[in-house]
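> Turn this into a structure:
(one chain, ligands or ions: 2)
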Amino acid sequence: MPGQRRTEITPPLLGVDTYLANVLDQVGPLPPIGLSLLDASGCVLAADIHAAHPLPSFDNSSMDGYAVIAADVAAATRQQPVRLRVVDDVPAGFVATESVQPGTAVRIMTGAPVPEGADAVVQVERTDGGERVVAIREPVPPGANIRRLGEDVLSGEVVLRAGTLLTERQIALLAALGHDSVQVHPRPRVVVLSTGSELVEPGGELRKGLIHDSNSFLLVAATLAAGAIAYRLPPLVDDEELVLTTLQDQLHRADLVLTTGGVSMGAYDPVKAALKTLGTFTFTKVAMNPGMPQGFGVLQDGSPRGLPVLTLPGNPVSAFVSFEAFGRPLIRTLQGRAQIHRPAVRALAACDFRSPAGKRQFARGRFTSTSPLAVEPVGGQGSHVLGGLALAECLIVVPEDVTEVSAGSPVTVWDLRT
Ligand code: AMP
Ligand code: MG
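Residues are numbered from 1 along each chain as shown. Ligands and ions are numbered 1, 2, ... in the order given. Prediction:
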């Protein structure tokens with residue numbers, strides 16, 4: 001890229017993409033369950049849907065007006081309207097008892113079945129609106145204003161494929177086709193657990209050396225926003241045994257656990273210490289900034305799936321960036337989503353800034369203009385700066401080999417507003 005100084009990646013850190021691939025290799029979409037239609041909104045369809053009936057399921061009027069024989073009104077003009085006897089009146093939800101014969105019409109409302117004998121509907125605005133006799137002021141071609149059986153969906157047609165994300169638009173189609181429930185990959189149940197002897201619940205009193213737990217709130221909110229179900233546990237003191245028993249308690253309740261804290265190189269890092277002994281967890285230094293210490297593994301419970309546990313670093317900005325880089329794609333993989341990453345967009349750097357050598361930087365940024373899209377780092381870039389994080393609108397993703405980004409050069413951005 002122009003305007004960027006590059007160096008080589010520093011071993012022995014593991015690349016972000018390799019680490020993510022290692023994590024995702026160990027999980028797959030949750031097994032399908034039947035959910036009622038509204039509960040299935042936001043989930044991914046697990047089986048193809050065939051239409052049990054056509055749409056529309058009967059010929060019906062697309063206008064309020066009069067069902068007629070088109071040939072009857074071919075000569076109608078404003079000056080010399082054609083008068084037809086109105087033999088019936090059919091609102092939506094009813095069926096006409098009379099058929100349309102030459103010289104007659106049936107008053108009809110939008111969505112009502114077209115009566116036998118009629119081959120067109122004249123809009124009420126093109127008539128005098130008569131109730132016993134109607135004056136038709138304009139001709140209509142045969143077929144006008146009639147929505148034909150099957151013109152939208154044919155009976156038996158595959159309307160939605162397995163793997164489709166159900167949004168309001170697919171939910172509407174399923175409802176129209178009569179489905180009250182549907183087979184989907186469910187929303188993952190994600191348990192969020194903060195660890196650290198310094199942590200106090202918000203609302204609790206802070207003595208010197210203590211801080212309020214913010215990570216679990218961050219991760220619950222982020223998990224919900226990613227489309228999963230989140231449960232927050234109270235923070236744990238740094239105790240290996242307690243970490244292990246608390247995680248084991250979640251085995252049959254959760255599809256994923258997110259922890260924060262206790263995975264770096266300190267003397268009191270109980271998450272790493274506890275899980276390392278199990279043999280199914282890997283703790284790694286990933287070539288990223290912030291968020292270098294990472295861990296992942298599957299807690300085994302004898303079931304084929306086990307319980308995936310993603311252990312994120314404790315610094316709040318690191319926890320957030322790690323969630324974006326690994327947690328969100330992991331949740332979306334469990335959901336069966338095809339699109340697991342935030343869409344990356346291209347923008348221009350609005351100012352010069354530096355980036356650490358050998359690490360992919362996720363700089364917290366804000367947009368300075370929309371056309372062209374331009375961004376600049378916002379707030380302090382330390383991994384503890386929650387004030388700066390709260391101002392961020394995007395993450396500016398700077399490659400491992402770039403150490404200086406100059407104003408005007410192109411950058412990749414994850415838009416956090418979408
Ligand atoms: P750790 O990863 O446990 O070494 O923690 C790194 C830093 O993040 C320390 O300054 C911790 O106090 C802080 N930290 C850890 N957990 C949380 C949390 N849940 N909320 C806010 N800060 C935290
Ligand atoms: Mg700690």
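
> Helix, strand, or coil at residue 115?
Taking DSSP: H, G, I helix; E, B strand; the rest coil as the rule, one finds residue 115 in the coil state.

> State the distance from it to residue 104.
10 Å (C-beta to C-beta, to the nearest Å). (Each C-beta comes from the backbone N, C-alpha and C, glycine too.)

> Show me whatever sits in contact with both of those two.
residue 98 (C-beta atoms under 8 Å, 6 or more residues apart in numbering).

> Name the nearest residue to residue 109, ignoring sequence neighbours.
residue 91 (4.7 Å; C-beta to C-beta, 6 or more residues apart in numbering).

> Next, count neighbours for that neighbour.
Applying the criterion other C-beta atoms under 10 Å, we find 12 residues in the vicinity of residue 91.

> again with residue 227
17.

> Tell me the secondary structure at the residue nearest to it when sequence neighbours are not counted.
Taking C-beta to C-beta, 6+ apart as the measure, residue 227 lies nearest to residue 42, with 5.2 Å between them; neighbours along the chain are not counted. Put simply, residue 42 is coil when judged by three-state DSSP.

> Just want the residue of the stretch 51-200 of the chain that's nearest ligand 1.
Among the residues of the stretch 51-200 of the chain, residue 194 lies nearest to ligand 1; the distance is 3.5 Å by C-beta to the nearest ligand atom.

> what helix or strand is that residue on?
Secondary structure assigned from DSSP states H and E places residue 194 in strand 189-194.

> Report whether that strand contacts ligand 2.
No: between strand 189-194 and ligand 2, judged by C-beta under 5 Å from the ion, nothing touches; the nearest distance is 9.2 Å.

> Next, see if whichever helix or strand comes after that strand gets close to ligand 2.
Downstream of strand 189-194, the first helix or strand assigned by DSSP H and E is strand 199-200. No: using C-beta under 5 Å from the ion, strand 199-200 stays clear of ligand 2, coming no nearer than 8.5 Å.

> one step back: quick one: pLDDT of the residue of the stretch 51-200 of the chain closest to ligand 1?
Residue 194 is assigned 98 on the pLDDT scale.

> What parts of this structure come near ligand 1?
The chain comes close to ligand 1 at residues 194, 196, 198-199, 211, 213-216, 260-262, 264, 266, 313-316, as judged by C-beta under 6 Å from any ligand atom.

> In strands, which of those fall?
Secondary-structure check on the residues of the chain next to ligand 1 using DSSP state E: residues within strands are 194, 199, 211, 260.

> could you dump those residues to JSON lines with distance to residue 410?
Shown next, in JSON lines, are these (distance: C-beta to C-beta, whole Å):
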{"residue": "194", "distance to residue 410": "37"}
{"residue": "199", "distance to residue 410": "41"}
{"residue": "211", "distance to residue 410": "38"}
{"residue": "260", "distance to residue 410": "33"}
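
> out of those residues, which are buried?
194, 199, 260 (16 or more other C-beta atoms under 10 Å).

> Mind giving me the packing neighbours of the strand ranked longest in the chain?
For the chain, the longest strand by residue count, based on DSSP E, is strand 360-370. Packed against strand 360-370, as judged by 3 or more C-beta pairs under 8 Å, 6 or more residues apart in numbering; DSSP states H and E, are the following elements: strand 288-289, strand 373-377, helix 386-391, strand 394-398.

> In the protein, which residue sits nearest ligand 1?
With C-beta to the nearest ligand atom, the shortest gap between the chain and ligand 1 falls at residue 314, namely 2.5 Å.

> who touches the spatially closest residue to that residue that is not a sequence neighbour in this structure?
Taking C-beta to C-beta, 6+ apart as the measure, residue 314 lies nearest to residue 261, with 3.3 Å between them; neighbours along the chain are not counted. Residues counted as contacts of residue 261 (C-beta under 8 Å, 6+ apart) are 194, 195, 196, 199, 215, 238, 271, 313, 314.

> So residue 261 versus residue 23, what's the distance?
Distance of residue 261 to residue 23, computed by C-beta to C-beta: 19 Å.

> again with residue 31
With the distance defined as C-beta to C-beta, residue 31 ends up 20 Å from residue 23.

> Looking at those two, which is more packed in?
In this view residue 31 and residue 23 are compared by other C-beta under 10 Å, and residue 23 has more residues nearby, 23 against 10.

> Just give me the neighbour total for the closest residue in space to that one that isn't next to it in sequence.
Nearest-residue entry for residue 23: residue 296, 4.8 Å, with adjacent residues in sequence omitted and distances by C-beta to C-beta, 6+ apart. As a burial measure, residue 296 scores 24 neighbours (other C-beta under 10 Å).

> May I have the phi/psi pair for residue 296?
In terms of degrees, to the nearest 10, the main-chain angles of residue 296 are phi -150, psi 150.

> Quick check: it touching residue 286?
No: using C-beta atoms under 8 Å as the test, residue 296 is too far from residue 286 to be in contact (10.5 Å).

> Contact distance from ligand 2 - what residues of the stretch 101-250 of the chain qualify?
Applying C-beta under 5 Å from the ion, we find that the stretch 101-250 of the chain lies next to ligand 2 at residue 196.

> Looking at the stretch 101-250 of the chain, what residue ends up closest to ligand 2?
For the stretch 101-250 of the chain, the residue closest to ligand 2 is residue 196, as judged by C-beta to the ion, at 4.0 Å.

> so that residue touches residue 243, yeah?
No: contact between residue 196 and residue 243 fails when scored by C-beta under 8 Å: they sit 11.1 Å apart.

> any shared contact partners between the two?
Applying C-beta under 8 Å, 6+ apart, one finds that residue 196 and residue 243 are jointly contacted by 236, 262.

> Comparing those two, which residue is more hemmed in?
Neighbour count, other C-beta under 10 Å: between residue 196 and residue 243, residue 243 has more, with 24 against 21.

> ok, that one - contacts?
195, 236, 259, 262, 270, 271, 274, 275.

> now, among these, which is nearest to residue 72?
Relative to residue 72, the closest of the contacts of residue 243 is residue 259; by C-beta to C-beta it sits at 76.5 Å.
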